[in-house]
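J.: Kindly return the folded structure for what I paste below:
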Amino acid sequence: MDHEDSSFWCWRSWDSPRETSLATHGHEVAFTFGRDEAKLAQTAEQFGAHAMAPDEAAAWADAIAITTPYAAAADAVLAAGDLTGKTVWDCTNPMKPDFSGLQVGGDTSAAEELQKVAGDGVVIKGIPPFAELLHSDEPTLGGEPVGSFVCGPDGPEKAVVTALLKQLPANPVDGGPLENARSAPYAKRTNKNAAGSTKRAFSSG
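T.: Sure thing, here's the model as predicted:
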């Protein structure tokens, strides 16, 4: 499996883009699961974060965000080891590169597949706004944060992901149980198409 440029972030004490936005809200951030350890350490230093081995980071963190390509996500979760008591935030988007459909069938979802390997960790689906928007000077659409469905069991884990999404900023919407994540990537595609038009408007100015 090629994990080049893939990593997942771990947050401690949920008291940019994703990592810089959350760091400014008082979170400690760790980077891990990168094939190039030197590049991972350099990136962590750039954002004032830690660089750790996956199992070390998972033991240290309160919440783990899986931000790898979907193809590497299960390996990232397995590399983290024991996730008992951890919130596992699935940020992956299993859309095909041409956005013609999903890489997983309609009877399951990326989040449900990750839950199968997460053991006693609790997987919550919540796709953040896409990187182009978070990298822009104005990470909203017309002043409003982009919506993000949050799917998973009701409880403190869903509350953690909801709070983190708000800080990006995003507008989290309770999407119900984890199986509802099967349709979440389509909503993400709609947001991306809408924001693409907004990005062109920014560029024309």
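J.: all contacts plus neighbour counts: C-alpha atoms, from now on.
T.: Will do.
J.: mind checking how far the most centrally placed residue in the chain is from Val161?
T.: In the chain, the C-alpha closest to the average C-alpha coordinate belongs to Cys91, at a distance of 2.7 Å (C-alpha atoms, centre = their mean). Taken as C-alpha to C-alpha, to the nearest Å, the spacing of Cys91 relative to Val161 amounts to 10 Å.
J.: What of Glu179?
T.: Distance, Glu179 to Val161, by C-alpha to C-alpha: 17 Å.
J.: ok so, going back, show me whatever sits in contact with both of Cys91 and Val161.
T.: Taking C-alpha atoms under 8 Å, 6 or more residues apart in numbering as the contact rule, Cys91 and Val161 both touch Gly126.
J.: got the contact list for Asp174?
T.: If you count contacts by C-alpha under 8 Å, 6+ apart, Asp174 has them with 149-151.
J.: Which one among those sits at the bottom for pLDDT?
T.: Per-residue confidence over the contacts of Asp174 reaches its minimum at Phe149, where pLDDT is 93.
J.: That one against Pro177, yeah?
T.: No. Look at Phe149 against Pro177 with C-alpha atoms under 8 Å: they stay out of range, at 10.7 Å.
J.: These two: which has the busier surroundings?
T.: Between Phe149 and Pro177, counted using other C-alpha atoms under 10 Å, the more crowded position is Phe149 (25 against 14).
J.: For the more buried one, grab phi and psi.
T.: Recorded main-chain torsions at Phe149 are phi -70, psi 130, according to degrees, to the nearest 10.
J.: which residues does it bridge with?
T.: Each beta-bridge partner of Phe149 is listed here, defined by DSSP bridges: Val173.
J.: now it: how far from Ala159?
T.: Using C-alpha to C-alpha, which is the criterion applied here, Phe149 is 13 Å from Ala159.
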